[in-house]
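*Asks:* Here is a sequence together with a model predicted from it:
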Amino acid sequence: MILRQQILGYVDNPDELFLPLVSDEDSSRDGYYRLLGASVTPHAAAYFDGVVYAELELERVLNFQAPLIEIASVGAIRTNAHGITTAAPRSIGFPSGATDFVEHAASGSTFMRIEDQDRGAASVQTGSASRFDGACSWLYMCEPEDFYNGAATILFTDDLLSTPDVVQTGRPAGVHLGSSVKLSNDLVTFESAMTNPLSPRWVWRITVAGLPTVEFFPTVNDIYLRTKSLVVLRNSPEAVAIRVRAHIQASPTIILGNVEVTFNLRRGDRMVSAHMVSSYGAPKVESTMATSSQTNGGIITAVTSGSALFASPVAIGVASGKFSPTSVNQEFPLGFGAMLSSSPDTAAEAIASYFWASEQRQSVVVP
């Protein structure tokens, strides 16, 4: 059922206008295609032989295995209370197998290859101190089998959430105690989940290869939250985004209000960006970070057998392990993540990628 929904979801999907396909029987068919239509075996019929049959209507892109792919990026520094006007270096992610780069921008770029040692996947980033203000674009080539290396992905661990949001966007799904959703780009993995039923509360987990998992617990007026619904806003190789709604539940029968949190993870980033909006009270975030230091009036960096990172464009305070805006507000923009355990990554570079807010889209170049 999940596979059927995934295939059907690619038809007319605005998040992925073309797909890489690889044939086990004829390598000459390998390449990039547009999925114009699909017919898939109904779920009940697949029970008889365990095989899902699909008929796809495909249009090959430019008749090449490795066409020129353009990724366009539009970005700006997040409005902030810290006087940050340049958040260098900016970054942009590519598949690890990308080659033959052509840059359409004013000045040269530097490249940094970041690898996840456990999975062997890599993401290439480019940036320098004076770049990426406004719009830039790059052309590159990539073999079809390498296209999803380092891509942003969404993974659900509960059947209640598995359809239709695995590929399609914009449809709500329920969330209960057994539900979990993960955003990953092969560098950092973010998980939104509920703790055990005896003491249910919403938890965010950040995991980077070689480092301990760091947990964050969102609260409102020191009340823990319980998730209720989720909507996928974007599901593309360049970025994934979800919106989760939770109840501010003072007791099993008393609901004081709701909180909506939007999460976004881009290819190549080490920081997950989030935006909390509460209908009741001021949101805070508890953390399991062991030690922390505060700079720039609100950028928090911490070390826990590696480097866990927390940042916000608003001035924030830290008290009893809780991060919160210094001025009472029902909105709380924030970013959290971790430096990689074995790479040329630094805390400044990872945090800078959060303060440079960008939108990235890919397309095939038609001559």
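*Replies:* Yes, it's here. Numbering: from 1, shown residues only.

*Asks:* Excluding chain neighbours, what is closest to Lys284?
*Replies:* Spatial nearest neighbour of Lys284, chain neighbours left out: Ser324 (4.0 Å); criterion: CB to CB, 6 or more residues apart in numbering. No exception for glycine: its C-beta is placed from N, CA and C like everyone else's.

*Asks:* and if you look at Glu215?
*Replies:* Leaving aside its sequence neighbours, Glu215 sits nearest to Thr288 (CB to CB, 6+ apart; 4.6 Å).

*Asks:* Now for the one you found: which residues touch it?
*Replies:* Shown in contact with Thr288 (CB atoms under 8 Å, 6 or more residues apart in numbering): 214-216, 304, 321.

*Asks:* before we move on, back to that, could I get the contacting residues of the residue nearest to Lys284?
*Replies:* 282-285, 316-317, 332.

*Asks:* Now do the strands in the stretch 151-300 of the chain.
*Replies:* Assigned by DSSP state E, counting those that start in this stretch, the strands in the stretch 151-300 of the chain fall at 153-156, 172-174, 180-184, 188-194, 202-208, 214-220, 223-235, 239-251, 254-266, 271-278, 283-287, 291-295, 299-303.

*Asks:* Return the member of those strands having the minimum mean pLDDT.
*Replies:* Note on the strands of the stretch 151-300 of the chain: strand 172-174 shows the lowest mean pLDDT, a mean of 50.

*Asks:* out of the contacts of Thr288, who has the most neighbours?
*Replies:* Val214 (25 neighbours; other CB atoms under 10 Å).

*Asks:* rewinding a little: derive a PyMOL selection command for the buried subset of the contacts of Ser324.
*Replies:* Here is the PyMOL selection string for the buried members of the contacts of Ser324, based on 16 or more other CB atoms under 10 Å:
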select buried, resi 282+283+284+285+316+332
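
*Asks:* which of the contacts of Ser324 sit farthest apart?
*Replies:* Across those, the longest distance by CB to CB is 13.3 Å; it joins Pro283 and Gly317.

*Asks:* Could you check how far the most centrally placed residue in the chain is from Ile206?
*Replies:* A centroid search over the chain (CA atoms, centre = their mean) returns Leu265, at 2.1 Å, as the residue closest to the centre. Distance, Leu265 to Ile206, by CB to CB, to the nearest Å: 11 Å.

*Asks:* and for those two, which residues touch both?
*Replies:* Here Leu265 and Ile206 have 188, 190, 272 as joint contacts, going by CB under 8 Å, 6+ apart.

*Asks:* Run a quick neighbour tally on the first one.
*Replies:* Counted with other CB under 10 Å, the neighbours of Val188 add up to 26.
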